[in-house]
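> no sequence on this one, just coordinates:
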């Protein structure tokens, strides 16, 4: 039996793959947070709730409307993103001129409202969502068995993350987004509707969280608390990568998933805290984050 540092190869690779899958979710959620904070300077504590709403909308759509997975993958991010746009337009815009702390407290309150409402109706126990027929089964790679759905999650998350980075950093639309948030008065003078741009950006960041929720529904139990349990870890990932850094969110999310997976192999007791230990180390050595810009 092949061993890697005293661990069987199949066990090692299995944990590595689980780490990559978790890292894909960290990357997607961190990306949404980075887009919202980097462009709008909103510390969105409702982000975990939007992830949870994405998973719940997928589950309820299947149970009550018969929506299949592929329809949900397209429809749910649009619906939850639309809800995010309404929240930005009617609530967050009213406190945009105030300190970031007010936005943090407001979004934290919204997260509690969403979570508490769903707990009241559905309880805290998780519900399962079936894996799509086209993505059932798996592939025998020789050194491990890779479930098809887990491979799909990894590919889908990478495509969305890299596509988002490309649009924001390498296209004219991304240039408008950055300019509209850095110098709104100038962009208004050029005829750009900056408030609408801000609303669309917030909606897009929320839609990314909902997309992650749809991907998560067949993998994890769908419950009202699934977002809050993940949010603190995702915030730690964003801090490590650098608040507002799009590329940093993607790379750090995947890297932290791998580090967490490897820690489960060699020192399981530290698996739940290793990301926070990395965060402390990064803050001590580079307070702006690995990819953030020093003030």
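Received, thanks. Everything quoted here is computed from the prediction, not taken from an experiment. Residues are numbered from 1 along each chain as shown.
> what sits closest to residue 233 if chain neighbours are left out?
Counting by CB to CB, 6 or more residues apart in numbering, residue 233 lies nearest to residue 275, which is 5.9 Å off, once chain neighbours are set aside. To be clear about C-beta, it is placed using only N, CA and C from the backbone, and glycine gets the same treatment.
> surely that neighbour is in contact with residue 259?
Yes. Counting by CB atoms under 8 Å, residue 259 is a contact partner of residue 275 at 7.2 Å.
> quick one: the residue nearest to residue 233 from residue 26, how far?
Here the criterion is CB to CB, to the nearest Å. By it, residue 275 lies 9 Å from residue 26.
> between the two, tell me which one has more neighbours.
More neighbours surround residue 26 than the other of residue 275 and residue 26, with 30 against 22 (other CB atoms under 10 Å).
> could you check how far the more buried one is from residue 288?
Residue 26 is 20 Å from residue 288, by CB to CB.
> what stretches of the stretch 151-295 of the chain score poorly on pLDDT?
181-182, 294-295 (pLDDT under 70).
> those helices in it, which residues are they?
All helices of the stretch 151-295 of the chain, identified by DSSP state H, counting those that start in this stretch, fall at 172-182, 184-189, 194-216, 228-241, 246-266, 274-285.
> which one, of these, ends up nearest to residue 118?
helix 228-241 (11.3 Å; CB to CB).
> what are the contacting residues of the closest one?
Identification of contacts with helix 228-241 by CB atoms under 8 Å, 6 or more residues apart in numbering yields 25-26, 29-30, 33-34, 37, 45, 47-49, 51-52, 111, 115, 248-249, 251-253, 256, 275-276, 278-279, 282-283, 289-292.
> stretch 10-26 too?
So stretch 10-26 is contacted by 4, 141, 143-144, 146, 150, 153-154, 157-158, 212, 215-216, 219, 230, 233-234, 237, 252-262, 264-265 (CB under 8 Å, 6+ apart).
> can you pull the phi/psi pair for residue 140?
phi -90, psi 110 (degrees, to the nearest 10).
> what's across from it in the sheet?
residue 145 (DSSP bridges).
> how many other residues sit next to it?
For residue 140, using other CB under 10 Å, the count is 8.
> equivalent analysis for residue 274, please.
16.
> now swap in residue 258 and tell me
Residue 258: 18 neighbours (other CB under 10 Å).
> which neighbours do residue 275 and residue 26 have in common?
233, 237, 256.
> please convert the buried members of the contacts of helix 228-241 into PyMOL selection syntax.
The buried residues among these can be selected in PyMOL (16 or more other CB atoms under 10 Å) with this line:
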select buried, resi 25+26+29+30+33+34+37+45+47+48+49+51+52+111+115+248+249+251+252+253+256+275+278+279+282+289+290+291+292
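> for residue 72, which non-adjacent residue is closest in space?
Closest to residue 72 by CB to CB, 6+ apart is residue 58, at 4.4 Å.
> for residue 246, same thing?
residue 165 (5.0 Å).
> quick check: phi and psi at the nearest residue to residue 244 once chain neighbours are set aside.
Among residues not flanking residue 244 along the chain, residue 38 sits closest, at 2.9 Å (CB to CB, 6+ apart). Dihedral angles of residue 38 (phi, psi; degrees, to the nearest 10) stand at phi -60, psi -40.
> who's in contact with residue 38?
243-246.
> how close does the residue nearest to residue 246 get to residue 250?
Remark: distance between residue 165 and residue 250 (CB to CB) = 6 Å.
> shared neighbours, the two?
Common neighbours of residue 165 and residue 250 (CB under 8 Å, 6+ apart) are residue 31.
> between those two, who's got more neighbours?
residue 250 (27 against 21).
> who are the contact partners of the nearest residue to that one once chain neighbours are set aside?
Leaving aside its sequence neighbours, residue 250 sits nearest to residue 161 (CB to CB, 6+ apart; 4.4 Å). Residues near residue 161 by CB under 8 Å, 6+ apart: 27-28, 31, 250, 253.
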